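Participant: Sharing a sequence plus its predicted fold:
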Amino acid sequence: MKIFRGMMPAVVAAATVSCVIPVYVDEGSRWSREPEAFQQVSEFAAGGVLRVTNIYGNIIIRGWDREELEVTAEETRNDSAASIPRVEIASEGGETAITAGPGDEDFAGGRTVHLLIRVPHRVFLRSVTAGRGRLQLSDLYGEAFLRLDDGDLRVENYSGSLDAEIGRGSMEVELLDARPEDAVRLVLDEGPIDVLLEPGFEGRLEVEAPEGTVSCDFEVTPAAEPARVSGTVGSGEGALVIVSTRHGSVDVRKTK
């Protein structure tokens, strides 16, 4: 699905409805079985502002056609038990903040909180912060600021400005409909980065992998070097894309 742009009002409505249903979140795709999960649905205007924090596990954010915010969360522990995590949702000053954590703060073992969020396609992700796990965005456009200590970032069918940093892990980022005003910055300390751009992309690429290699499907002026690309694609009058990994390689490819 290709996404389309529109004006971005920064209006977020307060939470209105909540319920609890049995679901399980696993990388945003598998739902099942026995454990209970937290779920809350509230009104949320397209182009709203959202902050998300989950330092204990995964964050998956998906766009949909409703003017609603749906938050689903489940906690799993290393003793195979499952419980309802603690999730706080607060709206203030035109922004909505979601904070997730373990339901039992006294449990000493390992636990993972799986957080799935559905929002309108057009959204401003003021900050999305995760500790260790998977961070995934799909079918969204607007702006996003992402931070992950250790894990994997997957961005699919995204359009707009994007700023993402990971300590150790991997990135796979698909960027569509790039505009001249869009700025993309992808920084990874240790691990590989894959960037997918449309074949008609025009703009500027600043890509480096000091201890790895850089491969690029696009003709860049001046020509790409083995570990660095710094130049323009096409007219150069388009988005700025900055990509850097200190210990890893970068692959810039054309979408099919």
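Facilitator: Done, it's in.

Participant: Need the pLDDT of Arg5.
Facilitator: We have a pLDDT of 48 for Arg5.

Participant: where are the low-confidence patches of the stretch 101-250 of the chain?
Facilitator: 105-109 (pLDDT under 70).

Participant: same thing but at 90, please
Facilitator: Under the criterion pLDDT under 90, the flagged ranges of the stretch 101-250 of the chain are 102-112, 223-226, 235-237.

Participant: where exactly do the helices run in it?
Facilitator: Taking DSSP state H, counting those that start in this stretch, the stretch 101-250 of the chain contains no helices at all.

Participant: Strands of that one, residue ranges please.
Facilitator: Per DSSP state E, counting those that start in this stretch, the stretch 101-250 of the chain carries strands over the ranges 111-120, 122-175, 183-190, 193-197, 203-208, 214-216, 228-233, 239-247, 250-254.

Participant: Using PDB, list the CA coordinates for the third one.
Facilitator: This file holds the C-alpha atoms of strand 183-190, laid out as PDB (Å, rounded to 0.1, in the frame of the first residue of the first chain):
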ATOM      1  CA  ALA A 183      15.000  14.600   6.300                       C
ATOM      2  CA  VAL A 184      16.000  11.000   7.200                       C
ATOM      3  CA  ARG A 185      18.800  10.100   9.700                       C
ATOM      4  CA  LEU A 186      19.600   6.400  10.500                       C
ATOM      5  CA  VAL A 187      22.400   5.800  13.000                       C
ATOM      6  CA  LEU A 188      23.500   2.400  14.200                       C
ATOM      7  CA  ASP A 189      26.600   1.700  16.300                       C
ATOM      8  CA  GLU A 190      26.900  -2.000  15.600                       C
END
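
Participant: elements contacting it?
Facilitator: Judged by 3 or more C-beta pairs under 8 Å, 6 or more residues apart in numbering; DSSP states H and E, strand 183-190 is in contact with strand 122-175, strand 239-247. The C-beta positions use only the backbone N, C-alpha and C, and glycine is treated the same way.

Participant: Same check on the shortest one?
Facilitator: For strand 214-216, the contact count by 3+ C-beta pairs under 8 Å, 6+ apart identifies strand 203-208, strand 228-233, strand 250-254 as packing neighbours.

Participant: Put together TSV for those strands, with distance to Gly169 on each row.
Facilitator: As requested, these are arranged in TSV below (distance: least, C-beta to C-beta, whole Å):
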stretch	distance to Gly169
strand 203-208	18
strand 228-233	22
strand 250-254	14
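
Participant: Take the helices and strands packed on strand 183-190 and write them to CSV, including distance to Ala37.
Facilitator: Shown next, in CSV, are the helices and strands packed on strand 183-190 (distance: least, C-beta to C-beta, whole Å):
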stretch, distance to Ala37
strand 122-175, 17
strand 239-247, 35
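
Participant: need these in JSON lines with mean neighbour count, can you?
Facilitator: Formatted as JSON lines, those follow (neighbours: other C-beta atoms under 10 Å):
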{"stretch": "strand 122-175", "mean neighbour count": "21"}
{"stretch": "strand 239-247", "mean neighbour count": "20"}
